[in-house]
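> return atomic coordinates for the entry below.
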Amino acid sequence: MVKKFSLALLAMLSAALLSLCLGAARLTPVQLWQALLSGPRNTAGYIFWYVRLPRTFGCLLAGAALAVSGGVIQRVLHNSLASPSIIGVNAGAGLAVTICCAAGVLSGWAIAGSAFFGALAAVLLIVLAAEKAGASRTTVILGGVAVNAILNAFSEALTVLIPEAGMLAGDFRVGGFSAVSWPRLLPAGALILLALITVFSMRNMLDVLALGDETAQGLGLPVRNVRTVLLILSAALAGAAVSFGGLLGFVGLIVPHAVRKFSGTESRFLLPLSAILGGAFVTACDVTARMLFAPYELPVGILLSILGGPAFLWLLWKRKGGRNHA
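Residues are numbered from 1 along each chain as shown. Here you go, the predicted model:
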């Protein structure tokens with residue numbers, strides 16, 4: 001397992017280095033080192049400190065947050081098809097951010113906080129509705145897809161009725177890191193790091209919860225309270241990532257599912273590896289989207305959807321529509 005963690009860290013660091021070097025203006029490792037030591041005193045230094053560094057940190061933080069959020073949601077809901085983008089968590093955060101843009105509230109803390117509460121409201125709505133209806137796991141996913149569509153429709157309606165909101169939230173709806181800045185990144189980054197630490201500290205409870213409600217209760221775990229806290233943390237992770245990265249789809253589906261193939265289902269391995277490889281995956285996709293049609297830049301959200309859509313369909317086919325896991 002040490003070797004797997006080492007390889008994952010190497011992949012993340014390699015993706016981060018490429019992200020710092022590649023772009024419209026390419027920087028050599030020597031220029032990066034000089035900019036790191038001397039600060040933004042020249043063009044290379046300015047690009048490093050105010051463009052590449054916040055963008056790279058944004059990719060790493062968003063990827064880690066969405067991957068861990070997806071891994072937790074899948075374990076809590078006992079469904080490997082669940083993810084923040086599919087069950088409406090990202091859409092709830094997106095609607096909240098669009099409302100902030102429509103109201104002209106654009107501070108980093110306001111955007112991060114509203115995204116968190118929007119994501120939390122969406123996930124609680126889905127879970128509470130499922131519990132009341134006694135819905136199967138597949139029904140939870142379908143209900144989340146419906147909520148996702150409804151929330152996105154409200155967001156689109158706001159951008160039509162208030163054109164200024166559409167202009168401010170245009171890049172946000174596609175998903176990308178070209179406009180990431182330190183004032184937007186730092187509040188969300190603080191929330192992500194706090195939520196990640198808390199989730200990692202609850203890894204044993206998550207494993208017990210994954211055994212089933214009756215078994216977990218028999219072992220003395222307060223199931224409802226633990227589930228609620230974990231869902232709140234998942235909402236915090238997804239909402240904070242969405243607040244500066246936009247509506248990035250399928251990261252929370254692809255990464256935990258891939259990591260589970262070689263790490264197993266134990267949360268002490270699954271969650272940290274998901275965080276590391278989630279950051280590496282989003283950063284690598286951002287570099288690819290940046291360079292694929294250079295000098296034009298493709299928003300990374302488009303590339304993630306192109307990759308994630310077929311992956312989701314493959315998982316549906318593999319599970320035969322989820323009928324065997326309802």
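> show me where pLDDT drops low in the stretch 151-300 of the chain?
Along the stretch 151-300 of the chain, segments meeting pLDDT under 70 span 166-171.
> please report how far E164 lies from T98.
11 Å (C-beta to C-beta, to the nearest Å). The way it works is simple: take the backbone N, C-alpha and C, and place the C-beta from them, glycine included.
> typo on my end, N79
To T98, N79 is 28 Å away according to C-beta to C-beta.
> related to what we said a few turns ago, compare E164 and T98 (neighbour count), which wins?
The neighbour comparison of E164 against T98 (other C-beta atoms under 10 Å) goes to T98, with 27 against 11.
> so is that one in a helix, a strand, or just coil?
The three-state assignment at T98 reads helix, by DSSP: H, G, I helix; E, B strand; the rest coil.
> now swap in T288 and tell me
T288 - assigned by three-state DSSP - is helix.
> repeat for A153
Three-state assignment for A153 (three-state DSSP): helix.
> tell me how far it lies from A146.
11 Å.
> likewise P29?
Per C-beta to C-beta, P29 is found 49 Å from A146.
> same thing with V105?
29 Å.
> looking at P29 and A146, which is more packed in?
A146 (13 against 10).
> which helix or which strand is home to that one?
In this assignment (DSSP states H and E), A146 forms part of helix 137-161.
> other SSEs contacting that helix?
helix 89-103, helix 108-133, helix 163-174 (3 or more C-beta pairs under 8 Å, 6 or more residues apart in numbering; DSSP states H and E).
> for the residue most central in space within the chain, which non-adjacent residue is closest in space?
The centre of the chain sits closest to L66, judged by C-alpha atoms, centre = their mean, with a distance of 2.2 Å. Distances taken as C-beta to C-beta, 6 or more residues apart in numbering place V251 nearest to L66, at 4.0 Å, with adjacent residues excluded.
> next, count neighbours for that neighbour.
Residue neighbour count, defined by other C-beta under 10 Å, stands at 33 for V251.
> wait, it sits on L304?
Yes: applying C-beta atoms under 8 Å as the test, V251 and L304 come out as touching, 6.4 Å apart.
> okay, the helices and strands packed on helix 137-161 in TSV with distance to L20 next?
Output for the helices and strands packed on helix 137-161, formatted as TSV (distance: least, C-beta to C-beta, whole Å):
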stretch	distance to L20
helix 89-103	27
helix 108-133	22
helix 163-174	21
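> and those helices: which comes nearest G218?
G218 lies closest to helix 108-133 among the helices and strands packed on helix 137-161, at 19.7 Å (C-beta to C-beta).
> what is the closest one packed up against?
Going by 3+ C-beta pairs under 8 Å, 6+ apart, helix 108-133 lies up against helix 89-103, helix 137-161, helix 182-201, helix 223-245.
> and it, average pLDDT?
Helix 108-133 shows a mean pLDDT of 79.
> relative orientation of that helix and helix 223-245 in degrees?
Orientation check (axes from the mean of the first three to the mean of the last three C-alpha atoms, to 10 degrees): helix 108-133 against helix 223-245 gives 140 degrees.
> distance of the closest residue to A236 other than its chain neighbours relative to F116?
Closest residue to A236 apart from its sequence neighbours, by C-beta to C-beta, 6+ apart: A195 at 4.3 Å. Distance from A195 to F116, counting by C-beta to C-beta: 9 Å.
> overlap in contacts of the two?
236, 240 (C-beta atoms under 8 Å, 6 or more residues apart in numbering).
> still on that earlier bit, what sits against the residue nearest to A236?
65, 233, 236-237, 240.
> what is the nearest of the residues you listed to C285?
The closest of these, once distances to C285 are taken by C-beta to C-beta, is A65, at 15.1 Å.
> isn't that closest one right up against S243?
No: if you go by C-beta under 8 Å, A65 and S243 don't touch, sitting 10.2 Å apart.
> neighbours of F262, just the number please.
A total of 10 residues lie near F262 under the criterion other C-beta under 10 Å.
> name the helix or strand for it, please.
Using DSSP H and E, F262 falls in helix 251-263.
> sounds good, over and out.
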